[in-house]
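Colleague: mind looking at a prediction? Sequence and model below.
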Amino acid sequence: MATTAQSVADVCRAAKRASRELARLDTVTKDRALSAIADAIDARVPEILEANARDMEEAAGETDALRDRMRLDEARVAAIADGVRAIVALRDPVGEVIEGFRLPNGLDVRQVRVPLGVVAVVYEARPNVTIDCTALALKSGNAIVLRGSSQVTHSNSVLAAIAVEAATGAGVPDGAIGLVAGGGREELGELATQEDVVDLIIPRGGEGLKHALKAVATVPVIYAASGNCHVYVDAEADVDAAEAIIVNAKTQRPGVCNAAETLLVHREVAPDFLPRALRLLREAGVELRADARTKAAAGDLGEVLVDVTEEDWDTEFHDLILAVGVVDSVDEAIEHINEHGSGHSDAIVTPSTDSARRFRDGVDSACVYVNASTRFTDGFEFGMGAEIGNSTQKLHARGPIGMRELCTYKYVGEGDNQIRP
């Protein structure tokens, strides 16, 4: 295994060597390795939970939302193993023909999907990412370099060691899975500048991590960063459905990137919707930060709501906090989302096909939902088995980053001794 005793450069070079063999590895061997990883996770649950307990003990003073992202239990460990098995069941993207055509001279040309090579993932808090990313990388023929946060060092180390042992025993080349210590900004900068050996780096974390990488990275980056997500309740929306959607989007797991951070409500439905919805949210423990129009429409609750600030509209709270505002139209909601959102996931609740179309076409985000919770932006939910993260960029990958997003392509031409005149 690539251990923390090795330098960042050594881990990356080992991954580069392994990537050349991985690119040619057959699907049967890759699936056998992934199955071995899943079985090993199931067999070593006590060891994993013991390591996670050490991380949780050391993070005793952190927020509840952060501790929830860090925490593993038997059900979550089982879900990690099940996620690996789900990837085994998926079609191998390597070698997939994207399109093919024949030139007038008879030369056959195919656009074929191939691995990127070495993918580095920098992530915060969530130890399941260690296995999710490893499984996606191996199935798509990529070597992976993992750099988790110091908050879950013990959990990440055990999970990575399990993956390495199981995968190499099943025929994956040494160095294909590398783990570097959490470390500080200096180490992050070293990883982000391994341009001769690392083909892509994906940060999975907050805006601080994103900005830290932007300042130093020479390796190509896909930012799986912040999720300042919105739910907009349109005029004449089904109030019961809108309540269920915003409560789910905000409270089901508030510390994740696809949780809603802002609720926007059309002025026509606000008097009926807001008193009920805000009461439900408060009962669920949500701190509500409201504009003046929301307070006016909230009835008795208006007096106890916190005043929203301009900063709140731009904030990914990662907690049971929600900014709430009233707007005059779907177009005003779209304008607000495009100005303040992060381009992650945004939803409209409406019976109107016209409003749905305007919202769908006007909101510039990776995932847009009509009459559904933002919580569905997830590789597993999208049938990808898992995800590296959710990209808010527009080049190469957007939305959940799965196996196909970890591939590039090459053109293969097959001819009969053609030469160019």
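Modeller: All right, it came through fine.
Colleague: what stretches of the protein score poorly on pLDDT?
Modeller: 1-5, 182-184, 225 (pLDDT under 70).
Colleague: tell me, what residue is most central in the protein?
Modeller: residue 389 (2.2 Å; C-alpha atoms, centre = their mean).
Colleague: show the contacting residues for the spatially closest residue to that residue that is not a sequence neighbour.
Modeller: Sequence neighbours aside, residue 224 is the residue nearest to residue 389 in space, at 2.4 Å (criterion: C-beta to C-beta, 6 or more residues apart in numbering). For every residue, glycine as well, the C-beta is placed using N, CA and C. By C-beta atoms under 8 Å, 6 or more residues apart in numbering, the contact list for residue 224 reads 202-204, 388-392, 401.
Colleague: same question for residue 412.
Modeller: 109-110, 112.
Colleague: give the phi and psi angles for it, as a check.
Modeller: Backbone geometry at residue 412, expressed as degrees, to the nearest 10, gives phi -120, psi 120.
Colleague: begin at 443, not 1, for the rest of this chat.
Modeller: Shifting the count to begin at 443 puts that one at residue 854.
Colleague: that older thread, want to throw the contacts of residue 666 into JSON lines with distance to residue 752 and secondary structure?
Modeller: Converted to JSON lines, the contacts of residue 666 look like this (distance: C-beta to C-beta, whole Å; DSSP: H, G, I helix; E, B strand; the rest coil):
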{"residue": "644", "distance to residue 752": "31", "secondary structure": "strand"}
{"residue": "645", "distance to residue 752": "26", "secondary structure": "strand"}
{"residue": "646", "distance to residue 752": "28", "secondary structure": "strand"}
{"residue": "830", "distance to residue 752": "33", "secondary structure": "coil"}
{"residue": "831", "distance to residue 752": "28", "secondary structure": "coil"}
{"residue": "832", "distance to residue 752": "26", "secondary structure": "strand"}
{"residue": "833", "distance to residue 752": "27", "secondary structure": "strand"}
{"residue": "834", "distance to residue 752": "21", "secondary structure": "coil"}
{"residue": "843", "distance to residue 752": "31", "secondary structure": "coil"}
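Colleague: closest one to residue 704 out of those residues, please.
Modeller: Closest approach between the contacts of residue 666 and residue 704, by C-beta to C-beta: residue 834, at 15.8 Å.
Colleague: from what I can see that closest one touches residue 783, true?
Modeller: No: under the criterion of C-beta atoms under 8 Å, residue 834 makes no contact with residue 783, lying 9.2 Å away.
Colleague: who touches both of those two?
Modeller: Common neighbours of residue 834 and residue 783 (C-beta under 8 Å, 6+ apart) are residue 807.
Colleague: quick one: the strands in the stretch 493-642 of the chain, in order.
Modeller: 539-544, 550-557, 560-565, 585-589, 619-622, 642-646 (DSSP state E, counting those that start in this stretch).
Colleague: got JSON lines for those, with distance to residue 803 and mean neighbour count too?
Modeller: Output for the strands of the stretch 493-642 of the chain, formatted as JSON lines (distance: least, C-beta to C-beta, whole Å; neighbours: other C-beta atoms under 10 Å):
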{"stretch": "strand 539-544", "distance to residue 803": "27", "mean neighbour count": "11"}
{"stretch": "strand 550-557", "distance to residue 803": "29", "mean neighbour count": "17"}
{"stretch": "strand 560-565", "distance to residue 803": "33", "mean neighbour count": "27"}
{"stretch": "strand 585-589", "distance to residue 803": "37", "mean neighbour count": "28"}
{"stretch": "strand 619-622", "distance to residue 803": "42", "mean neighbour count": "27"}
{"stretch": "strand 642-646", "distance to residue 803": "29", "mean neighbour count": "25"}
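Colleague: okay, those strands in a markdown table with distance to residue 805 next?
Modeller: A markdown table is the format used below for those (distance: least, C-beta to C-beta, whole Å):
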| stretch | distance to residue 805 |
| --- | --- |
| strand 539-544 | 28 |
| strand 550-557 | 30 |
| strand 560-565 | 27 |
| strand 585-589 | 33 |
| strand 619-622 | 38 |
| strand 642-646 | 23 |
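Colleague: and the ones you listed: which comes nearest residue 518?
Modeller: Of the strands of the stretch 493-642 of the chain, nearest to residue 518 by C-beta to C-beta is strand 560-565, at 16.0 Å.
Colleague: quick one: residues contacting residue 574.
Modeller: 522, 525, 821, 828-830.
Colleague: from those, which is closest to residue 637?
Modeller: Nearest member of those to residue 637, counting by C-beta to C-beta, is residue 830, at 19.7 Å.
Colleague: ok so, going back, against residue 747, how distant is the residue nearest to the centre of the chain?
Modeller: Distance of residue 831 to residue 747, computed by C-beta to C-beta, to the nearest Å: 34 Å.
Colleague: swap in residue 470?
Modeller: From residue 470 to residue 747 the distance is 59 Å (C-beta to C-beta).
Colleague: ok, these two, which is more surrounded?
Modeller: Remark: of residue 470 and residue 747, residue 747 carries more neighbours, 19 against 10, as counted by other C-beta atoms under 10 Å.
Colleague: before we move on, back to that, out of the contacts of residue 854, who's nearest residue 849?
Modeller: residue 554 (9.7 Å).
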